[in-house]
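*Asks:* Show me the folded form of this:
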Amino acid sequence: MLLLILLAAGAPTVALTQDVQLITPAQQKQLLINPGSSSPGSENPDVTIVEYFDYNCPFCRELAPELKSLIRDDRKVALVYKDWPVFGGVSIYAAREALAAEWQGKYLIAHDTLISGPRLAQEDQVDAELKAAGVDLVALAKDRETHAAQIDALLRRNDSEARSLHIRGTPGVIVDRQVLPGTVDLKGLKLLVDRARHGPSLRGRAQE
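*Replies:* Down below sits the predicted model:
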């Protein structure tokens, strides 16, 4: 059992005791193979955090600065972002645009811009935000079309992974092999990283 700090919509942070489910080393390895987008943080990490997210998810937006603080303070942690646009509509468009930006080396710029800006209500708003951040929209449109099959395959893969891990919504966070039962604050993230790094064992039930 592990004490996690979970966030409730419109309510103060609540402390709950939850089981942290574990994935196997083989499952973790599969998640990290060719994730399809650049990863911030350490190039040689001892702990990797995977996040399944939607740009219009309010909890993902709350978690984003916590994740950035963690990799700024801990130089041995890396993040792997998994675009999972469960809100549909504009979220899907935003995910495709951000992933297409990888071909001009600007996925992380696109990600940070869209996750930290205002809620995305229209597709042209997505493009306006990206243009203001320095993304070349002409190249973006070309890459989105040229690599459409790869982008759609990646989104399908992310959806399949999240469902196979029984992640019920965004953000879906995995710290090393620990699948969180909900979202978590910076203090909780540091506790989980320390548990992955120094714990005598990762207690919990490994998924089949």
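
*Asks:* any idea how far the residue minimising distance to the centre of the chain lies from residue 64?
*Replies:* Note on the chain: the residue nearest the mean C-alpha position is residue 51, at 2.6 Å, using CA atoms, centre = their mean. As for residue 51, its distance to residue 64 is 9 Å (criterion: CB to CB, to the nearest Å). For the C-beta atoms, the positions are set from N, CA and C on the backbone; glycine is no exception.

*Asks:* right, and the residue nearest to the centre of the chain touches residue 173 too?
*Replies:* Yes: judged on CB atoms under 8 Å, residue 51 makes contact with residue 173 at a distance of 5.4 Å.

*Asks:* show me where this structure has strands.
*Replies:* Assigned by DSSP state E, the strands in the chain fall at 2-6, 14-18, 21-22, 47-53, 77-83, 172-175, 178-179.

*Asks:* Averaging pLDDT over each of these, report the lowest-scoring one.
*Replies:* In terms of mean pLDDT, the lowest-scoring of the strands of the chain is strand 2-6 (a mean of 33).

*Asks:* What part of the protein, helix or strand, is modelled with the least confidence?
*Replies:* For the chain, counting by mean pLDDT, DSSP states H and E, strand 2-6 ranks last in confidence among helices and strands (a mean of 33).

*Asks:* Quick check: buried residues in stretch 143-152?
*Replies:* By 16 or more other CB atoms under 10 Å, the buried positions in stretch 143-152 come out as 143, 144, 147, 151.

*Asks:* Give me the distance from it to the chain's centre.
*Replies:* The chain centre lies 20 Å from the centre of stretch 143-152; the measure is CA atoms, centre = their mean, to the nearest Å.

*Asks:* got the end-to-end distance for that stretch?
*Replies:* Stretch 143-152 has its terminal residues 13 Å apart, counting by CA to CA, to the nearest Å.

*Asks:* And stretch 52-64, by the same measure?
*Replies:* Using CA to CA, the end-to-end distance of stretch 52-64 comes to 12 Å.

*Asks:* Ok, stretch 127-142 next?
*Replies:* Counting by CA to CA, you get 14 Å between the two ends of stretch 127-142.

*Asks:* quick one: low-confidence ranges for this structure?
*Replies:* Within the chain, the ranges that satisfy pLDDT under 70 run 1-19, 200-208.

*Asks:* For residue 35, which residues are in contact?
*Replies:* 80, 81, 82 (CB atoms under 8 Å, 6 or more residues apart in numbering).

*Asks:* Could you check how many residues crowd around residue 73?
*Replies:* The criterion is other CB atoms under 10 Å. On that basis, residue 73 has 10 neighbouring residues.

*Asks:* Please apply the same query to residue 156.
*Replies:* Using other CB under 10 Å: residue 156 sits among 10 other residues.

*Asks:* got it, and the one 4 residues further on?
*Replies:* Burial of residue 160, expressed as a neighbour count using other CB under 10 Å, amounts to 10.

*Asks:* so how far is residue 179 from it?
*Replies:* Distance of residue 160 to residue 179, given as CB to CB: 15 Å.

*Asks:* ok, now residue 112?
*Replies:* Using CB to CB, residue 112 is found at 25 Å from residue 179.

*Asks:* and what of residue 147?
*Replies:* Residue 147 is 30 Å from residue 179, where distance means CB to CB.
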